[in-house]
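Visitor: fold the following.
(one chain, ligands or ions: 1)
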Amino acid sequence: MSVKIVETNLDFTSLSERSITNMVVLHHTGGNDIDASAEQIHEWHKNNEWAGIGYHYVIRKDGTIERGRPEWAIGSHAYGENSHTIGIHISGDFDAAVPTKKQIENCAELVADICTRYGIPIDTDHVVGHGELMATSCPGTNLQALLDNGIITGKANYYANPSEAKPVDGAKQEGNRLTERFNSLSSVPEWAYDTVKKMVDKGLLTGGGLKDAGGYPADLDLSMDMLRIFVVNDRAGLYD
Ligand SMILES: [Zn+2]
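Guide: Model (predicted):
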């Protein structure tokens, strides 16, 4: 596995080496849904009189992963928790918008790579949102939902162990099994589409609040078995 990182060659005033790495923390830009670059954030953080950008990676809206602070250095992204964590900034305001598909996939791939190299378990205790460590709305409700419902870690587990199971849209760790999860109308198989669309339109399926670009739920969290049952129920007229 190799993740493509775009080098930015930023200048830092002073950095110190981190000796423990046992957690990955996700952040967003917040405030405005902008495609902030590592260079831009570097300037903002230098204006705070920090050594430079506080995050180790920045994931742009097109999925490009830019180098921030060198990975070996103690970051400046999660107050009181910097000595043992790596910080990933995903550009955008995820209280308002949803991360792009490429941001989600490349974030999962980067998380898989980091966790594999440091021996960090890929689960929701070790891959967390900033707001799980302290009182902040970062990384926004829509990105936090992708963490909470296991989509980021599910995909990261797939990237770390591609031979295990291929998630369709999301995937969930159940025991040591990775199961397929269908989260949006666009990922549901054709034979189940009309049934799921009907259930969403009637408010029978709502998801947890994350919406796709069409305004439909993006975190339905449906298994293959659930789809089969819904279709049979639909044929029996239960949703008419
Ligand atoms: Zn943050």
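
Visitor: measure how buried residue 181 is and give me the count.
Guide: Using other Cβ atoms under 10 Å, residue 181 is surrounded by 23 other residues. Yep, even glycine has a C-beta here, placed from its N, CA and C like the rest.

Visitor: what does the one 4 residues further on give?
Guide: For residue 185, the count of nearby residues is 18 (other Cβ under 10 Å).

Visitor: how near is the residue nearest to residue 92 when sequence neighbours are not counted to the ion?
Guide: Nearest in space to residue 92, with sequence neighbours left out and distances taken as Cβ to Cβ, 6 or more residues apart in numbering, is residue 33 at 5.1 Å. Distance, residue 33 to the ion, using Cβ to the ion, to the nearest Å: 15 Å.

Visitor: list the contacts of residue 33.
Guide: Residues near residue 33 by Cβ atoms under 8 Å, 6 or more residues apart in numbering: 92-93, 96-97.

Visitor: residue contacts, the closest residue in space to residue 141 that isn't next to it in sequence?
Guide: Closest residue to residue 141 apart from its sequence neighbours, by Cβ to Cβ, 6+ apart: residue 95 at 5.6 Å. Applying Cβ under 8 Å, 6+ apart, we find residue 95 in contact with 30, 137, 140-142.

Visitor: now do the buried residues in the helix or strand hosting residue 109.
Guide: Element membership for residue 109 (DSSP states H and E) is helix 101-118. Neighbour-count burial for helix 101-118 flags 103-115 (criterion: 16 or more other Cβ atoms under 10 Å).

Visitor: before we move on, what about stretch 196-205?
Guide: Buried-residue list, stretch 196-205, by 16+ other Cβ under 10 Å: 196, 199-200, 205.

Visitor: what's in contact with that stretch?
Guide: Contacts of stretch 196-205 (Cβ under 8 Å, 6+ apart): 185, 188, 206, 216-217, 220, 222, 227, 230, 234, 239.

Visitor: one more time with 10 Å
Guide: Contact with stretch 196-205 is made by 182, 184-185, 187-189, 192, 195, 206-207, 216-217, 220-222, 226-227, 230-231, 233-234, 238-240, as judged by Cβ atoms under 10 Å, 6 or more residues apart in numbering.

Visitor: pull out the buried members of these.
Guide: 182, 184-185, 187-188, 192, 195, 207, 216-217, 220-222, 226-227, 230-231, 234.

Visitor: what's around residue 161, how many residues?
Guide: 14.

Visitor: returning to what we had before: mark which of the buried ones among the contacts of stretch 196-205 are part of strands, please.
Guide: Of these, none are assigned to strands by DSSP state E.

Visitor: just those: which are in helices?
Guide: Under the assignment DSSP state H, the buried ones among the contacts of stretch 196-205 contribute 192, 195, 226-227, 230-231, 234 to helices.

Visitor: could you identify the most distant pair in those?
Guide: Pairwise distances across those peak at 12.3 Å for 226 and 234 (criterion: Cβ to Cβ).

Visitor: between those two, what contacts are shared?
Guide: In contact with both residue 226 and residue 234: 192, 196, using Cβ under 10 Å, 6+ apart.
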